[in-house]
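K.L.:
coords please:
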Amino acid sequence: MRNLTGKLVVLMFILLISTHLRAQDVAAITGVVTDPTGAVVQGVSLTLENPSTSVSYKALTNSLGSYTIQNVQPGPGYKITFTAAGFKTEVVTGLYLNVASTRTQNARLTVGGSAQSV
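P.N.:
The predicted structure is shown next:
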């Protein structure tokens, strides 16, 4: 029984360490979406995409207008698209997400219905 307990402790330790090490190989992005008056916009649909890898992540802004996307593969070339009814689509390109860090990318939406790229 003592040997089994020791093996379980070692196994749990290995699992915790591997999870911690893996967490350092990812990035995150967060921000707040506002309208032209500076008021937060709830329910904005956003897509973070890396065109070179075809990997994409989706999220919605919460009641405070904020969003967070975690566990993103770090690297260059990301673009993020913000879409909401009654606003022009906002696209930000050329984003670089660093390993083990969180990038802040806020957006200010413009009233209307066509796309705008930054």
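K.L.:
any buried residues in stretch 102-118, and which?
P.N.:
Buried residues in stretch 102-118, counted by 16 or more other Cβ atoms under 10 Å: R103, Q105, A107, L109. The way it works is simple: take the backbone N, C-alpha and C, and place the C-beta from them, glycine included.
K.L.:
likewise for stretch 61-76?
P.N.:
By neighbour count on 16+ other Cβ under 10 Å, the buried set for stretch 61-76 is T61, G65, S66, Y67, I69, V72, P74, G75.
K.L.:
figure out how far it is from the centre of its chain.
P.N.:
2 Å (Cα atoms, centre = their mean, to the nearest Å).
K.L.:
and that stretch, end to end?
P.N.:
In terms of Cα to Cα, to the nearest Å, the two terminal residues of stretch 61-76 are separated by 24 Å.
K.L.:
quick one: contacts for V44?
P.N.:
Residues in contact with V44 (Cβ atoms under 8 Å, 6 or more residues apart in numbering) are V33, L60, T61, G65, Y67, F82, T83, A84, F87, A107, L109.
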